[in-house]
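*Asks:* I would like to see how this sequence folds:
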Amino acid sequence: MCLAIPALVKTIDGQEAEVEVGGVSRKASIVLTPEARVGDYVLLHTGYAINIIDQEEAEETLSLFRELAEAQPDE
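*Replies:* The predicted structure follows:
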């Protein structure tokens, strides 16, 4: 099983994109999703954008992740 998280594409430079997840930016490869454009949401797995998803699906998934994080006790 793998975990991929929705990330917003902020900039693209060749086959590398700057993506944002929860206010944190990082670099990601878009070699597997060359059709990705700035403003798209991609599923990010181990530094690779593996699929493009629509905004509604991305926001719903991110909301579920936030709910899970809030349900965890502080450590």
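
*Asks:* Please name every helix or strand in contact with the longest strand seen in the chain.
*Replies:* Ranked by residue count under DSSP state E, the longest strand found in the chain is strand 5-13. Counting contacts by 3 or more CB pairs under 8 Å, 6 or more residues apart in numbering; DSSP states H and E, strand 5-13 packs against strand 16-21, strand 41-45, strand 48-53, helix 55-71. In this view, the C-beta of every residue, glycine as well, is placed from N, C-alpha and C.

*Asks:* Can you say which of these is nearest to residue 27?
*Replies:* Smallest distance to residue 27 across these (CB to CB): 5.7 Å, for strand 16-21.

*Asks:* Could you give the bridge partners of residue 49?
*Replies:* residue 44 (DSSP bridges).

*Asks:* Could you report the pLDDT at it?
*Replies:* Looking at residue 49, its pLDDT is 97.

*Asks:* Now do the contacts for it.
*Replies:* 7, 9, 17, 19, 28-30, 32-33, 36, 42-43 (CB atoms under 8 Å, 6 or more residues apart in numbering).
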